[in-house]
Each structure stands twice: as structure tokens, then as C-alpha cells.
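J.: Dropping a prediction and its sequence here:
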Amino acid sequence: MKELNHVTMANRTIRSVSGESPAAHRQTQTEPDKLQFLQLAEWDEYNSYDEDIPSCLHYSIEWKVTVNSKVVSKDTEQDLVLAPTAYWHIILKPKLEKLLRKKLAQNRHVRCDDTNVIVSVTGRSERDLVKRFDDVDIDWSIIEKQLMQWGELFRSGKKLRVDLSFNYVDAHPSSASTPRRGNKRGSSATQTMLVDRAAQLDAEQETTGNPSVWREVYALMQCPGPPCNLGPHCWRDPFGKKHYKLRSHHLKALINYVEQGHTLKSHGDVPEAIREQLFAEEHQRLERQPKVGRVEGSLVRVGADQVRVEGQQVRVE
Ligand SMILES: [Zn+2]
């Protein structure tokens, strides 16, 4: 709490002189000097945000997944600028879910026991923030607050980092519902995950801007996965059932649409303007494909920090 007091006092100092100089006055109004994360609406997923003089906070997330204390996967998200709460919803959580589907046998039940979080800044002047959350109910507001407090250290060249360890254990279903060996119960692991996610989203509702809208939109647009590999989010055209990959700007548009009071309960409710955008982008994509030979894969930017090769981009179910 020491750092927090310090920051508060510094702000008060600025305020106390605010009447004396226009510059100081301006600072109290918008605090332009304080680096912020980008919010969803201002974030451009195609921008690498490679800045000599940072205009916003950059950070990285190193994350791993353990099952029964054994590490099954590790990954790093580098040079992030999108606010951690939004990054979690849009990129990281779908990635984690996809990874679990991929790494675990279909009939294996796992549940998330807890998530360990370490928020740190390079250099030893500041202590790490170490937190533990049940399940994946991470209170991202605490993490954001801590990173923002280190904004000045970041500006002076220090690096901000969040380490996450998602710790899963085998879930032992009660004896009454234990599937027999060889019994085909493929979807139950997914079912468990869906239930977990609903509980987690309820918890997040307490901490984020307007998560009930996010929740609705993400849940509705989440792609059921194979045979489609476009996900994590797709619009499924009610006519023809073709999947169209939804990128963050499409999801943003859908969130806006709901926030304006429109109904979005099914894929048929997706407004014409967004459909046209998706059709146009699909058309452009097909135009860009080489005329000769089969397309083995085309480069698609899927985030600020990565490029993925996708072979079959569109599937008809
Ligand atoms: Zn899909």
C-alpha cells in the first residue's frame, strides 16, 4: 500500500498547484503524461505498436498450463498494449480453451483448480505482486492497477510482465456418473469447461466495464471448433452455414450494436452492415488468392504480435 499512498500524494501535489500554471492545470484534467493501456475501442489489432517513445503502456504475458502439477504448455504474449482485461477476454482465454481442447484427450475431465499470478517489473526496486485466484477467476483490475502504477518505470525503460500459471487437475466425476471405459462421452469435458466458464464470467461481471454484453457476444459467436479452424469466433451464415472469421473489430462492432439496444440472440440477428463487411472481406480474400495452383496457406494477421498460416480458411458444415 506504500506505493499507492505515494502516487496519491503525488497527484495531490499536482492538484495543489493547478491554479498557478496552465500546464499543471491541464495535467489535472486529463493527466496526459500518465501512460495508459489501450481500450478495446481504440485498439487496432493490425498495428504492431512498435514505438520509440511509447504512447501507451506495453507489457508481456508469460503463461503456462499445468495438469496435475505437470506443465503441458508454455507460451508468451509479447509487446501487448490492449488493456489486460480486454486481452484476456478476446485473445488469451479463447487461446487457453483451444489449447486445452487440443492437448487433452476428449474423454478426459479436468477442472481449473487455481491460477497463480505474478505481476513484475524488471529491476529489483519494486516487489512483485503475487496473487492466487480460484479457477480462472482472475481479478484483472488488480493487475491493471499494479501495472499502471509502474508506468513511470516502464517509461524509463523497465519491462512490465505478468506471469500466469493455470493449474488444472483431473476432475473425478461422482461414481453415479462415471463413464465406463470405452463409453463415448466426448463432449463432457467441453461441457465441464462451459459450466466453468459461465461461473467465471459471472465473477468477472463484478470487475469489468460491461462484461454482460461481452459475455453475450463472445458466447454467441464462439466457434464450436472442428471441422472449422477459423475461430475462436465465427459468424455462421444462417443461409448456407458457412463460417466467417470474426476479428476484433467485428466483435467490437457487435458489442456496440448490442450496447445501442439492439437484439443479438442468434447468428441471424447479425446486422446487415456487418454481414456485408464480412462478405466483402471474404470476396477480397478470394480475389487475392493466386490464380494458379491450390492455395496451401495464406498469411493472416490474427493479433498484434503474431502471424498464423491458415490453410482452409472457410469451411462449410
Ligand atoms: Zn468457425
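T.: Now that the structure is in, tell me what you want to look at.
J.: and this structure, which residues reach the ion?
T.: 223, 228, 230, 234, 243 (C-beta under 5 Å from the ion). For every residue, glycine as well, the C-beta is placed using N, CA and C.
J.: Check whether residue 67 really touches residue 170, as I assumed.
T.: Yes. Counting by C-beta atoms under 8 Å, residue 67 does reach residue 170; the two are 7.4 Å apart.
J.: neighbour-wise, which of these two wins?
T.: residue 67 (20 against 11; other C-beta atoms under 10 Å).
J.: The more buried one bridge partners, please.
T.: Taking DSSP bridges as the rule, residue 67 bridges to residue 70, residue 168.
J.: got a pLDDT number for it?
T.: Per-residue pLDDT puts residue 67 at 93.
J.: if we can go back for a sec, between residue 67 and residue 170, which contacts overlap?
T.: Residues touching both residue 67 and residue 170 (C-beta atoms under 8 Å, 6 or more residues apart in numbering): residue 110.
J.: Tell me which residues of the host helix or strand of residue 60 come out buried.
T.: Using DSSP states H and E, residue 60 sits in strand 59-67. For strand 59-67, a neighbour-count test (16 or more other C-beta atoms under 10 Å) marks 59, 61, 63-67 as buried.
J.: want to throw these into a markdown table with distance to residue 212?
T.: Converted to a markdown table, the buried residues of strand 59-67 look like this (distance: C-beta to C-beta, whole Å):
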| residue | distance to residue 212 |
| --- | --- |
| 59 | 27 |
| 61 | 25 |
| 63 | 26 |
| 64 | 30 |
| 65 | 28 |
| 66 | 31 |
| 67 | 31 |
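J.: residues contacting the residue lying closest to residue 142 once chain neighbours are set aside?
T.: Leaving aside its chain neighbours, residue 142 sits nearest to residue 131 (6.6 Å; criterion: C-beta to C-beta, 6 or more residues apart in numbering). By C-beta under 8 Å, 6+ apart, residue 131 lies in contact with 116-119, 139, 142-143.
J.: what's the answer for residue 49, then?
T.: By C-beta under 8 Å, 6+ apart, the neighbours of residue 49 are 56, 58, 79, 81, 304.
J.: Thought residue 61 was touching residue 165, still the case?
T.: No. Residue 165 is not in contact with residue 61 according to C-beta under 8 Å; the separation is 11.5 Å.
J.: three-state assignment of residue 243?
T.: At residue 243, secondary structure determined by DSSP: H, G, I helix; E, B strand; the rest coil is strand.
J.: er, residue 230 I mean
T.: coil.
J.: quick one, strands of the stretch 101-250 of the chain?
T.: 110-121, 129-134, 160-170, 234-236, 243-245 (DSSP state E, counting those that start in this stretch).
J.: In JSON lines, list those along with mean pLDDT and distance to residue 40.
T.: Formatted as JSON lines, the strands of the stretch 101-250 of the chain follow (pLDDT from 0 to 100; distance: least, C-beta to C-beta, whole Å):
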{"stretch": "strand 110-121", "mean pLDDT": "94", "distance to residue 40": "21"}
{"stretch": "strand 129-134", "mean pLDDT": "94", "distance to residue 40": "22"}
{"stretch": "strand 160-170", "mean pLDDT": "95", "distance to residue 40": "18"}
{"stretch": "strand 234-236", "mean pLDDT": "94", "distance to residue 40": "18"}
{"stretch": "strand 243-245", "mean pLDDT": "93", "distance to residue 40": "18"}
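J.: Please identify the most buried of those.
T.: strand 243-245 (a mean of 23; mean count of other C-beta atoms under 10 Å).
J.: so where does residue 98 fall, helix or strand?
T.: helix 93-103.
J.: Could I get the average pLDDT for that helix?
T.: For helix 93-103, the per-residue pLDDT averages 89.
J.: just stretch 278-289 next, same as before
T.: pLDDT averaged over stretch 278-289 gives 87.
J.: same thing with stretch 76-86?
T.: Here the average pLDDT along stretch 76-86 is 92.
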